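K.L.:
coords please:
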Amino acid sequence: MSKIVCVHSFRHGTGKSNVVANLAAIIASCGQRAGIIDTDIPSPGLHVLFGLESEKINATLNDYLWGSAALADIAYDVSDTANTSGSRRSPAAATSQPLGGIYLIPGNLKASEIPRVWGGGYNVELLSDSFELLLRDLRLDYLFIDSRAGLDEEALISIALCDVLVLVLRPDRQDFHGTALMVELARKLQVPHIHLVVNQVLPTYDFDAVRQQMETTYKVPVAGILPFSETLVELASSDLFCLQYPNHLFTQQLRAIAEKITCCKASQMRPEIVLAPPSENPDREEGGLRMFDFLMQHSSERQLAKWILQQRKPVTLAEVAAHTGMDKGAVRTVLDTLVEQGCLLELEMAGERRYRPRLAPKKGRQLCKYIWEKLEENGAD
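P.N.:
Residues are numbered from 1 along each chain as shown. Purely as a prediction, here's the structure:
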């Protein structure tokens with residue numbers, strides 16, 4: 001059963017990207033097929049860890065979200081880079097374990113793209129659809145999402161659609177407060193499995209005491225505690241740590257985290273994908289749900305909208321009735337109301353009425369005219 005794993009942190013600098021890249025490599029080394037999507041659109045970096053040079057990247061997640069590239073064109077097979085027999089690693093790092101495959105969907109921020117990234121916006125429905133399409137088209141066992149730190153539309157979509165949420169934090173008071181907020185939001189979004197990973201813990205700390213404190217405070221299991229490592233700092237993102245140092249304590253803890261993730265059951269059977277075309281006019285400002293709306297709605301509305309979103313395909317009246325236990329007449333009234341409010345799209349597919357969430361487009365950020373002019377001027381150069 002394929003799974004979507006979102007690795008997230010409330011604050012920057014927690015080592016989240018290193019964690020997600022190494023977890024994917026460990027799972028791939030066990031013969032599984034793993035995909036990694038870098039949804040930190042303004043500041044991507046996963047491609048660096050896999051040695052994928054910017055010059056070799058023809059299209060990225062950015063291009064897909066802008067409608068200028070197909071999903072198949074932005075998935076890069078980095079299995080050779082992640083193979084433990086790679087030339088960047090010492091003979092001691094070699095292993096006979098099979099490599100299932102690793103596929104990276106990168107972001108790539110070029111100076112010429114800054115105005116478009118910050119000001120252009122994109123169709124959010126394409127992002128939500130991409131996760132299930134990647135699982136299907138690449139035949140993945142696991143899709144890891146490296147989400148952008150903090151709270152924004154991309155992060156909430158990733159959290160809402162994942163089977164497993166891994167929250168990375170440091171033993172820091174600011175991280176503690178932010179993680180408490182993320183755990184609360186994840187519960188409101190009904191994430192099936194939530195795990196904590198405490199990173200950059202000094203060797204002088206009592207790791208068992210740290211684990212007990214975290215689990216008591218957040219009522220969430222701790223998947224692993226990663227020690228602060230000068231060796232990791234020295235590596236400076238030039239390679240995957242778990243493959244360069246397979247016997248290191250840091251790698252042993254990563255393997256334990258990977259094992260806990262693989263033991264989590266997928267939230268539901270994957271449906272046959274029947275995708276409807278995205279909204280006809282992605283630039284419109286009126287209507288559509290933002291992920292924050294799922295949190296603001298009344299409980300019954302939120303649960304129904306969240307359920308429809310999680311199906312990752314348009315649903316029929318009969319499917320909603322079976323899920324809610326309501327008769328079709330009552331269900332039709334509820335759905336019609338949500339359509340009138342701009343929360344759902346009503347579609348005719350194969351002679352049958354279907355419904356899907358109507359997600360509001362991501363709006364561009366506003367900067368002063370002087371900054372826009374300078375960015376566009378530099379981009380033209």
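K.L.:
what stretches of the stretch 101-250 of the chain score poorly on pLDDT?
P.N.:
109, 111-120 (pLDDT under 70).
K.L.:
Go again with 90.
P.N.:
107-129, 132, 151-157, 160-161, 188-190 (pLDDT under 90).
K.L.:
how about the helices in it?
P.N.:
Remark: helices assigned in the stretch 101-250 of the chain by DSSP state H, counting those that start in this stretch are 114-119, 124-137, 153-161, 173-188, 207-218, 230-235, 241-244, 249-263.
K.L.:
who's in contact with the last one?
P.N.:
The contact list for helix 249-263, computed with C-beta atoms under 8 Å, 6 or more residues apart in numbering, reads 3, 5, 19, 22-23, 26-27, 142, 164, 166, 195, 197, 221, 223-227, 229, 231-232, 241-242, 245. The way it works is simple: take the backbone N, C-alpha and C, and place the C-beta from them, glycine included.
K.L.:
Mind doing that once more with 7 Å?
P.N.:
5, 22-23, 26-27, 164, 195, 197, 223-227, 229, 232, 241-242, 245 (C-beta atoms under 7 Å, 6 or more residues apart in numbering).
K.L.:
Per-residue pLDDT of the residue of the chain most remote from its centre, please?
P.N.:
Distance from the centre of the chain peaks at residue 329, with 36.8 Å (C-alpha atoms, centre = their mean). With respect to pLDDT, residue 329 scores 90.
K.L.:
ditto for residue 375
P.N.:
Looking at residue 375, the pLDDT reads 53.
K.L.:
Please apply the same query to residue 299.
P.N.:
For residue 299, pLDDT reads 60.
K.L.:
Run through the helices of the stretch 251-381 of the chain in chain order.
P.N.:
291-296, 299-310, 317-324, 328-340, 369-380.
K.L.:
which one of the ones you listed has the lowest average pLDDT?
P.N.:
Among these, helix 369-380 carries the lowest mean pLDDT, at a mean of 55.
K.L.:
Name the single longest strand found in the chain.
P.N.:
strand 193-201 (DSSP state E).
K.L.:
circling back: right, so of the helices of the stretch 101-250 of the chain, which gets closest to residue 358?
P.N.:
Residue 358 lies closest to helix 124-137 among the helices of the stretch 101-250 of the chain, at 8.2 Å (C-beta to C-beta).
K.L.:
buried sites along that closest one?
P.N.:
For helix 124-137, burial by neighbour count (16 or more other C-beta atoms under 10 Å) applies to 124-132, 134-135.
K.L.:
Save these as TSV, and put in distance to residue 39 too.
P.N.:
As requested, the buried residues of helix 124-137 are exported to TSV (distance: C-beta to C-beta, whole Å):
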residue	distance to residue 39
124	11
125	15
126	12
127	7
128	11
129	13
130	9
131	10
132	15
134	12
135	15
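K.L.:
Mind picking the two most distant members of these?
P.N.:
Using C-beta to C-beta, the two most remote members of these are 124 and 135, lying 18.8 Å apart.
K.L.:
list the contacts for residue 232?
P.N.:
Per C-beta under 7 Å, 6+ apart, neighbours of residue 232: 241, 250.
K.L.:
before we move on, back to that, any chance of the helices of the stretch 101-250 of the chain in TSV with distance to residue 79 as columns?
P.N.:
As requested, the helices of the stretch 101-250 of the chain are exported to TSV (distance: least, C-beta to C-beta, whole Å):
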stretch	distance to residue 79
helix 114-119	29
helix 124-137	16
helix 153-161	24
helix 173-188	31
helix 207-218	33
helix 230-235	21
helix 241-244	12
helix 249-263	17
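K.L.:
Residue 70: which of those helices is closest?
P.N.:
The nearest among the helices of the stretch 101-250 of the chain, by C-beta to C-beta, is helix 124-137 at 10.0 Å.
K.L.:
Quick one: list the elements packing against the closest one.
P.N.:
Applying 3 or more C-beta pairs under 7 Å, 6 or more residues apart in numbering; DSSP states H and E, we find helix 124-137 packed against helix 61-65, strand 142-146, helix 153-161.
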